[in-house]
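Student: Pasting the sequence and the predicted coordinates here, then a few questions.
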Amino acid sequence: MAHPDVLRPEVAARLAEIGHADVVIGIPSYQNAATIGHVVGAAQAGLAKYYPGAQSLVLNSDGGSTDGTQAVVAGTTSPDTSVMMVSHPVRPIHRFSIPYHGLPGKGSAFRTIFRAADVLGAKACAVVDADLRSITPEWIHLLIAPVMDLGVDFVAPYYLRHKFDGTITNNVVYPMTRALYGKQIRQPIGGDFGMSLPLMRHFLSRPVWDTDVARFGIDIWMTTTAICGGFALCQAFLGAKLHDAKDPGADLSAMLVQVLGTVFRLMETHEDSWLAVEGSRPVAVLGFRYDVGLDPIRVNAPRMVEHFRRGVRDLDTIWGTMFDKADMARLKSIAARGDGECAIDDQLWVRLVYDLAAAYHVRVTERDDLVRATLPLYMGRVASFVIEMADADARQVEARIERLCETFEQEKGYLRRRWAGNR
């Protein structure tokens, strides 16, 4: 299969010099000089500790950083094997940093990594985010071992996160992906994955690399493609995910538009798969489960409530093309409550998300504008969650998310009717 312009000639020449790698660790980056040294060091240490006899490559695929990210990668030293308690010889770990070709975005970086792994005939590849502060050498083993030893094709991460981190995952992407495709993958957009060579070649063969998937949405695309392609799945417990977390009310609006748009496009691609699915089943979690401390995240709930109220006031026309009149009346009633109050319950939220998916499908208006117009609803839902869970512990929060997932599954018949154009 041809892969035109994916690898630059000098990169292809460097890979030819290496010849073969059993394991490739890919690190996509853009302006990550402050954190990528730790990530590269952890990757190298994990390879030295757990795969000392393997031919290995740590490959940084960079999107044009100007902060010295690539220089940090080049300057990261190999691990001291005595510190790692490795008694047998360790093969040299190849490491280099390259710019990727294609549309700017994480997906284009992944394409370069997958193509390099393909050229080298790697048995397994893991990709990890460049802004991780909690990655350890054990992550490399947990993401690679299921592929190398158990015949798994796709290893999704399973983290412990602060209760207000991952609000897009918790309120939309996890429960909706689970209800659609019937697999309980807790972090479908986690960012850190392991995969087999057959799955990487399957990814490379898909006609998405010149689309918006190459800019954003690559994580949910990979997860969904692995599920619908019938590949063997598992999850790996990685402990805490500590990264550059953000206030969901201040910084994640663009991400919501990007990710939701990809989820809805995938619903069209895999319509035959999800329409027939009922309920969901667990996906095995490998690794030792333990509790960890987590960095607190400050959330400005009043700002999100105000954003929601402005949306109810200003977007009545476009919302009226998507949502039921009774649901619109409920939204107006919620917005009219006192300061600091917001309570979008599970059933209403699920109906609104499913209505949005159906409106996207039938193109009631320009698709990006449609998703962007629902940002105030997301703000209102997250504010509801933050207010409700203010004093809850981690187990209570997880139980709360489980109830939301069950509602998404129970209301799937409503989605089918709306998808078919029926109210």
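Tutor: Nice, thanks for sending it over.

Student: now stretch 66-84: mean pLDDT?
Tutor: In this model, stretch 66-84 carries a mean pLDDT of 76.

Student: Let the chain start at 19 from now.
Tutor: Okay, residue one is now 19; in that scheme the one you just asked about reads as stretch 84-102.

Student: Reduced to three states, what does the nearest residue to R355 once chain neighbours are set aside come out as?
Tutor: The shortest distance from R355 to any non-neighbouring residue, by Cβ to Cβ, 6 or more residues apart in numbering, is to A361 (7.7 Å). All C-beta atoms are positioned from the backbone trio N, CA, C, and that covers glycine. Of the three states, A361 takes coil under DSSP: H, G, I helix; E, B strand; the rest coil.

Student: give me the number of residues near A361?
Tutor: Neighbourhood size, A361 [other Cβ atoms under 10 Å]: 13.

Student: Same check on E420?
Tutor: Neighbours of E420 (other Cβ under 10 Å): 12.

Student: where's it, which helix or strand?
Tutor: helix 412-428 (DSSP states H and E).

Student: Return the set of buried residues in whatever helix or strand comes next after that helix.
Tutor: Tracing the chain past helix 412-428, the next element assigned as helix or strand by DSSP H and E is helix 430-437. Neighbour counts over helix 430-437 (16 or more other Cβ atoms under 10 Å) mark 430, 432-433, 436-437 as buried.

Student: List the buried residues for stretch 292-306?
Tutor: 292, 295, 298, 301, 304-305.

Student: out of the residues you listed, who's nearest A61?
Tutor: G305 (17.5 Å; Cβ to Cβ).

Student: In space, what's closest to the closest one - neighbours in sequence excluded?
Tutor: Here the residue nearest G305, using Cβ to Cβ, 6+ apart, is F255, at 3.6 Å.

Student: before we move on, what about H112?
Tutor: L75 (4.4 Å).

Student: ok, what's across the strand from that neighbour?
Tutor: V42, H112 (DSSP bridges).

Student: what's near enough to touch it?
Tutor: Contacts for L75 (Cβ atoms under 8 Å, 6 or more residues apart in numbering) come out as 36, 39, 41-43, 111-114, 134, 138, 140.

Student: Just the pLDDT for the residue positioned nearest the centre of the chain.
Tutor: Taking Cα atoms, centre = their mean, the centroid of the chain lies closest to I207, which sits 1.4 Å from it. I207 carries a pLDDT value of 95.

Student: May I have the phi/psi pair for it?
Tutor: Here is the backbone geometry of I207 (degrees, to the nearest 10): phi -120, psi 40.

Student: Next one: it from A254, what distance?
Tutor: 16 Å (Cβ to Cβ, to the nearest Å).

Student: can you check A163 too?
Tutor: 8 Å.

Student: So for those two, which residues contact both of them?
Tutor: L304.

Student: Mind picking out the helix or strand in the protein with the poorest mean pLDDT?
Tutor: helix 266-269 (a mean of 56; mean pLDDT, DSSP states H and E).

Student: returning to what we had before: quick check, nearest of the buried residues of stretch 292-306 to R421?
Tutor: S298 (13.7 Å).

Student: any weak-confidence spans in this structure?
Tutor: 19-23, 97-108, 119-121, 262-271, 311-312, 357-358, 382, 441 (pLDDT under 70).

Student: where along it do the strands fall?
Tutor: Along the chain, the segments classed as strands by DSSP state E run 41-47, 74-80, 111-117, 142-145, 172-178, 201-202, 211-214, 251-258, 299-300, 303-304.

Student: Would you mind listing the buried residues in the third one?
Tutor: Okay, so that is strand 111-117. 111-116.

Student: A163 and A254: which has the busier surroundings?
Tutor: A254 (26 against 19).

Student: my read: the more buried one touches V303, true?
Tutor: Yes. The criterion here is Cβ atoms under 8 Å, and A254 meets it with V303 at 7.4 Å.

Student: Are there residues contacting both of the two? Which ones?
Tutor: Joint contacts of A254 and V303 (Cβ under 8 Å, 6+ apart) are Y176.

Student: So what's the residue count around E424?
Tutor: 16.

Student: And D149, by the same measure?
Tutor: D149, neighbours per other Cβ under 10 Å, totals 20.

Student: phi, psi of the closest residue to T53 other than its chain neighbours?
Tutor: In space, and not counting its chain neighbours, T53 is closest to D149: 5.0 Å by Cβ to Cβ, 6+ apart. D149 adopts backbone torsions of phi -100, psi 10, taken as degrees, to the nearest 10.

Student: Okay, the closest residue to P206 other than its chain neighbours and I45: tell me how far apart.
Tutor: Using Cβ to Cβ, 6+ apart and skipping the chain neighbours, the partner closest in space to P206 is T241 (4.2 Å). Applying Cβ to Cβ, the value for T241 to I45 is 19 Å.

Student: same thing with L333?
Tutor: 40 Å.

Student: repeat for F426
Tutor: Taking Cβ to Cβ, one finds F426 at 33 Å from I45.
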